[in-house]
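K.L.:
Can you look at this prediction? I've put the sequence above it.
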Amino acid sequence: MPAYWIAHVEVTDEALYGEYAKIATEAIAAHGGEFLARAGRYKQLEGNDRARNVVAVFPTFDDAIACYESPRYQEAVGFAKRSSTRDLVVVEA
């Protein structure tokens, strides 16, 4: 069963966040993930508004978790924590 990463992000430092995005994209692909949405048009209906909304799909829930826990993605997280406020959830389909 596929699983989805759903992230809501407020970027506070575009340059530093760009470093996160480069590394994260590589790590996500290495775990079979692919982006379905990245910062496209949106309308906030409830909750906290964050202008960047990202959805990635992975082959399985375990692949999604393995990606997040991987050393390469954790390297990316270091950049994300210094350049954004974000929420990230993994949802199995």
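P.N.:
Yep, that arrived.
K.L.:
Please count neighbours and contacts with C-alpha atoms only from this point.
P.N.:
OK.
K.L.:
Tell me if I'm right that H8 and V55 touch.
P.N.:
No - H8 lies out of contact with V55 (Cα atoms under 8 Å); the separation is 9.1 Å.
K.L.:
Let me see the contact set for the nearest residue to E92 once chain neighbours are set aside.
P.N.:
Leaving aside its sequence neighbours, E92 sits nearest to A3 (Cα to Cα, 6 or more residues apart in numbering; 4.1 Å). Shown in contact with A3 (Cα atoms under 8 Å, 6 or more residues apart in numbering): V57, F58, P59, T60, F61, A64, V90, V91, E92, A93.
K.L.:
now T85
P.N.:
Counting by Cα under 8 Å, 6+ apart, T85 has contacts V9, E10, V11, T12.
K.L.:
how deep is A64 tucked in, by neighbour count?
P.N.:
24 (other Cα atoms under 10 Å).
K.L.:
picking up where we left off before, what about the contacts of T85, which are in strands?
P.N.:
Residues of the contacts of T85 located in strands (DSSP state E): V9, E10, V11.
K.L.:
how about the helices in this protein?
P.N.:
14-30, 61-69, 71-83 (DSSP state H).
K.L.:
what's next to stretch 58-74, contact-wise?
P.N.:
Residues outside stretch 58-74 that contact it (Cα under 8 Å, 6+ apart) are 1-5, 23-24, 27-28, 30-34, 90-92.
K.L.:
Could you pull out the buried residues of that stretch?
P.N.:
Buried residues in stretch 58-74, counted by 16 or more other Cα atoms under 10 Å: F58, P59, T60, F61, D63, A64, C67, Y68, R72, Y73, Q74.
K.L.:
if I look at the fourth one, how far off is D49?
P.N.:
Using Cα to Cα, to the nearest Å, we find F61 at a distance of 26 Å from D49.
K.L.:
now the helices of the chain as a markdown table including distance to G40?
P.N.:
Converted to a markdown table, these look like this (distance: least, Cα to Cα, whole Å):
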| stretch | distance to G40 |
| --- | --- |
| helix 14-30 | 15 |
| helix 61-69 | 22 |
| helix 71-83 | 19 |
